[in-house]
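Q: model this:
(one chain, ligands or ions: 1)
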Amino acid sequence: MSHGLENVREQMRQTCKEAGRSERDVELIAVSKRFDRDAILPMLEAGQRLFGENRVQEAQGKWPSLRAQYSDIELHLIGPLQSNKAADAVALFDAIHTVDREKIARALKKEIDKQGRQVELLIQVNTGQEAQKAGIDPLETKDFAHFCRDELGLGVTGLMCIPPVDEEAALHFALLKKIADELGLAKTSMGMSADFDTAIALGASYIRVGSAIFGART
Ligand SMILES: *Cc1c(COP(=O)(O)O)cnc(C)c1O
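A: Have a look, this model is predicted:
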């Protein structure tokens, strides 16, 4: 029914096999941003339950009704978060991959406590040190992770990155994995349609795949 999804799953299986990794250690996040429920429903019918969105407001518009139909949907926020949206994000998402500054960490801590919800948190690392890109500097990641854990008591499970478009993604994936290992963080969120196989080979636990599943975004 969905060739994109089938192809990605097959490529994941193949890559795991070649890399000597267990398929169970790599989770596919189907990135559904800018696709509506008609595009998402076939993926749900094909058994996909883990989805990623990059905007809180857009996700609020389409996921509550889909969740009413499929109660076991897991939704991850993979786009930038403003602290005035922290309450909405904590209420809707099961994981947030884009924790990257003290203000947002504090806002999330407050909402997680208030709402009593379990939300998995990952720190976004700006591995390319790009001025315009979100994420914490690689050199500050250790201090920030300790701030989240020790000062706020905020459980962080891993790190996420979006490599610069014009650079070899493998270098950034390797760096992210190295920092995660040094911090004893189990999860890495890395790899998109063009490079998820590279990310899997370098240890990704979450890959975030949009266009290879849903087709080109308009
Ligand atoms: C859109 C997006 C993706 C998916 O990108 P594709 O190239 O369509 O697979 C992955 N991660 C983030 C953070 C995104 O915003």
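
Q: where are the low-confidence patches of the protein?
A: Scanning the chain for pLDDT under 70 picks out the ranges 1-2.

Q: contact partners of stretch 11-27?
A: Contacts made with stretch 11-27 from outside it, assessed by CB atoms under 8 Å, 6 or more residues apart in numbering, are listed as 28, 50, 196, 197, 200, 201, 203, 204, 205, 206, 207. All C-beta spots, glycine's among them, are computed from the backbone N, C-alpha and C.

Q: same check on stretch 186-205?
A: In this structure, residues lying in contact with stretch 186-205 by CB under 8 Å, 6+ apart are 8, 11-12, 15-16, 18-19, 21, 25-27, 29, 31, 78, 97, 122, 157-163, 169-170, 172-174, 176-177, 180, 206-213.

Q: which of those residues are buried, as a ChimeraX select command?
A: Buried residues within the contacts of stretch 186-205, by 16 or more other CB atoms under 10 Å, are selected in ChimeraX with:
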select :8,12,15,16,19,21,26,27,29,31,78,97,122,157,158,159,160,161,162,163,169,172,173,174,176,177,180,206,207,208,209,210,212,213
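
Q: on that earlier part again, for the contacts of stretch 11-27, name the two members farthest from one another.
A: In terms of CB to CB, those reach their longest pairwise distance at 50 and 201, which sit 20.8 Å apart.

Q: what residues does the protein have near the ligand?
A: With the criterion set to CB under 6 Å from any ligand atom, the chain comes near the ligand through 31, 33, 54, 78-79, 162, 192-193, 208-212.

Q: many thanks, we can stop here.
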